[in-house]
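1. need a structure here:
(one chain, ligands or ions: 1)
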Amino acid sequence: MSAFSGRDVQSRIYRAGVFGRRPVVPVEPERLAAAARRRLSPAAWAYVAGSAGQQQTARANRDAFARHRLVPRMLVDVESRDTSVELFGRRLPAPLLLAPIGVLEMAHRDADLAAARAARALGLPMVISSQGSVPMEETAAELGDSPRWFQLYWSKDDDVVDSFVERAAAIGSDALVVTLDTHVLGWRTRDLDLGYLPFARAEGIAQYTSDPAFRRLVQARAATATASPARERPTPAAVRALLSMARHYPGDLRANLRSPLPRAAVETFLDVFSRSSLTWDDLARLRERTSLPIVLKGIQHADDARLALDHGVDGIVVSNHGGRQVDGAIASLDALPGVVERVDGRVPVLFDSGIRGGADVVKALALGAGAVLVGRPWVYGLALAGADGARTVLEHVWAELDLTMALCGVRSVDQIGPHLLG
Ligand code: FNR
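-> Below is the predicted model:
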């Protein structure tokens with residue numbers, strides 16, 4: 001379907017090299033991360049690159065890819081190739097989606113809008129995060145006709161959940177991705193050492209502050225808040241935090257600086273963000289409220305995959321949140337085959353956590369994933385060069401996927417299977 005060619009991407013880079021031009025956004029994954037690290041503030045780098053605890057799960061994610069090896073096949077006519085796949089009734093040009101990533105303003109001021117531009121340029125679906133830095137309606141407008149899914153963190157407040165789900169449908173989402181693995185934040189050692197939680201400064205809560213149900217909670221909280229007793233002298237950091245809250249709250253900055261609402265919004269968010277009492281039975285409630293396909297993100301155990309099927313879900317994302325939640329957890333790639341086996345083709349099984357290049361994508365597809373979500377790499381590109389940077393990184397992943405398919409002797413995604421693995 002698409003005219004995408006990995007060779008064209010490769011030739012463009014080499015041709016530019018003849019004129020002495022090197023890629024602004026590094027191609028090699030570790031150099032890409034290192035370049036982003038130099039660009040980002042220490043807090044932003046810790047938040048984006050960091051994982052839970054001793055970072056063992058993040059390492060395990062990568063080690064699992066290194067343990068699986070592709071076995072290329074020769075003398076197959078692979079002159080013309082097709083990387084497209086079908087998901088939830090829509091043909092996508094590649095088995096690649098932009099993973100939901102919150103607080104993108106930490107990487108670039110254009111945040112979700114830049115990610116949307118990158119997704120649109122390539123026709124790849126963007127999974128819009130509940131922790132977006134921009135209201136989903138604005139991100140959707142930037143996406144134009146390009147596909148979008150919405151990722152839901154299940155709030156403690158049912159009205160907020162219902163409202164998010166309604167808004168997700170209204171912006172034309174193809175699916176609702178319910179992330180299950182983050183009902184509390186993991187023990188993120190790097191963020192803890194900096195004492196940095198973006199949400200406490202009202203970063204990454206734009207879906208909430210733009211939401212009528214959430215704003216009703218904020219109004220009620222502000223109305224009942226008693227005047228605070230004399231507190232410690234405000235530090236410069238506290239003043240900056242208050243300024244950030246006022247800036248992030250919709251409306252006039254000066255009025256916000258005098259209003260209790262911006263601070264009440266942060267406190268309300270921290271209260272209602274997520275519900276740890278959620279169980280399988282709650283999914284029925286969601287099913288009643290939406291006809292969108294429901295995709296569960298964060299499944300790691302085959303028995304949970306079975307329960308997901310029993311509860312009528314439409315898809316699964318095998319993911320450990322890039323190692324950001326449980327330290328010492330199973331590598332996401334190692335969890336994939338068991339889930340695929342149990343699901344047995346009844347619903348699509350997607351994958352994320354640890355994808356750094358196109359060959360990784362081939363390995364995940366060979367182990368049974370229907371498509372993959374790309375996370376940190378495009379955020380690094382975003383940090384380096386905004387929308388162009390994010391697009392470039394995704395293009396590099398896609399190019400390597402296309403060329404690796406060619407070199408392994410497969411013409412289409414459905415020809416990728418366990419037979420490619422040694
Ligand atoms: C995430 N992830 C995430 N997931 C989600 O469901 N909602 C979210 O808001 C976020 N936010 C978020 C922020 C940042 C900075 C990162 C790095 C990750 C998890 C994300 O969707 C995906 O599961 C991981 O990024 C995959 O791991 P890798 O490939 O980035 O290592």
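
2. contacts, neighbours, all on C-alpha from now
-> Fine.

3. which residue ranges form the helices in the stretch 201-350 of the chain?
-> Taking DSSP state H, counting those that start in this stretch as the criterion, the stretch 201-350 of the chain carries its helices at 206-209, 212-224, 236-248, 253-258, 261-272, 282-289, 302-310, 332-343.

4. quick one: closest of those helices to the ligand.
-> helix 332-343 (9.1 Å; C-alpha to the nearest ligand atom).

5. ok, back up a step: now the helices of the stretch 201-350 of the chain as TSV including mean neighbour count, distance to residue 359 and mean pLDDT?
-> Shown next, in TSV, are the helices of the stretch 201-350 of the chain (neighbours: other C-alpha atoms under 10 Å; distance: least, C-alpha to C-alpha, whole Å; pLDDT from 0 to 100):
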stretch	mean neighbour count	distance to residue 359	mean pLDDT
helix 206-209	22	35	98
helix 212-224	16	43	97
helix 236-248	17	40	95
helix 253-258	14	47	96
helix 261-272	21	39	97
helix 282-289	13	35	95
helix 302-310	16	25	98
helix 332-343	21	13	98
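
6. would you list those in CSV and tack on distance to the ligand?
-> Below are these laid out as CSV (distance: least, C-alpha to the nearest ligand atom, whole Å):
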stretch, distance to the ligand
helix 206-209, 11
helix 212-224, 18
helix 236-248, 17
helix 253-258, 26
helix 261-272, 14
helix 282-289, 17
helix 302-310, 17
helix 332-343, 9
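
7. CSV for those helices, including distance to residue 37?
-> CSV is the format used below for these (distance: least, C-alpha to C-alpha, whole Å):
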stretch, distance to residue 37
helix 206-209, 25
helix 212-224, 35
helix 236-248, 23
helix 253-258, 31
helix 261-272, 28
helix 282-289, 39
helix 302-310, 36
helix 332-343, 25
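
8. and stretch 13-28, how far from the chain's centre?
-> Counting by C-alpha atoms, centre = their mean, to the nearest Å, stretch 13-28 is centred 28 Å from the centre of its parent chain.

9. ok, residues contacting it?
-> Taking contacts as C-alpha atoms under 8 Å, 6 or more residues apart in numbering, the residues outside stretch 13-28 that touch it are 32, 35, 381, 384-385, 389, 392-393, 396.

10. distance between the ends of it?
-> Stretch 13-28 has an end-to-end distance of 13 Å (criterion: C-alpha to C-alpha, to the nearest Å).

11. buried ones in it?
-> Burial within stretch 13-28, assessed by neighbour count using 16 or more other C-alpha atoms under 10 Å, is assigned to 25-27.

12. quick one: which of the residues you listed is nearest the ligand?
-> Scanning the buried residues of stretch 13-28 for proximity to the ligand, where the rule is C-alpha to the nearest ligand atom, the winner is residue 27, at 16.0 Å.

13. how is this protein divided into domains?
-> Domain ranges of the chain: 6-190+276-420, 195-225+235-272, per automatic domain parsing.

14. okay, those, which one's buried deepest?
-> The densest packing among these, expressed as mean neighbour count by mean count of other C-alpha atoms under 10 Å, is seen in domain 6-190+276-420 with a mean of 20.

15. how about the residues of the protein near the ligand?
-> When proximity is defined by C-alpha under 6 Å from any ligand atom, the chain lies next to the ligand at 47-48, 99-102, 129-131, 151, 179, 319, 321-322, 352-355, 374-376.

16. coming back round to it: so which of the contacts of stretch 13-28 belong to strands?
-> Among the contacts of stretch 13-28, no residue falls in strands (DSSP state E).

17. let's see which of those residues end up in helices.
-> Assignment to helices by DSSP state H places the following of those there: 32, 35, 381, 384-385, 389, 392-393, 396.

18. now, among these, which is nearest to residue 192?
-> Closest approach to residue 192 among the ones in helices among the contacts of stretch 13-28 (C-alpha to C-alpha): residue 35, at 23.5 Å.

19. in this structure the closest one contacts residue 383, no?
-> No. Taking C-alpha atoms under 8 Å as the definition, residue 35 is not a contact partner of residue 383, at 9.1 Å.

20. tell me the pLDDT at the residue of the stretch 151-300 of the chain found nearest the ligand?
-> Taking C-alpha to the nearest ligand atom, the ligand has its nearest neighbour within the stretch 151-300 of the chain at residue 179, 4.9 Å off. In the prediction, the pLDDT value recorded for residue 179 is 98.

21. ramachandran coordinates for residue 85?
-> phi -140, psi 160 (degrees, to the nearest 10).

22. same deal with residue 290?
-> In terms of degrees, to the nearest 10, the main-chain angles of residue 290 are phi -150, psi 150.

23. please name the nearest non-neighbouring residue to it.
-> Counting by C-alpha to C-alpha, 6 or more residues apart in numbering, residue 165 is the residue found nearest to residue 290 once chain neighbours are left out, at 7.2 Å.

24. tell me the mean pLDDT for the strand or helix carrying the one you found?
-> Residue 165 is part of helix 158-170, with elements assigned from DSSP states H and E. Helix 158-170 shows an average pLDDT of 98 in the prediction.
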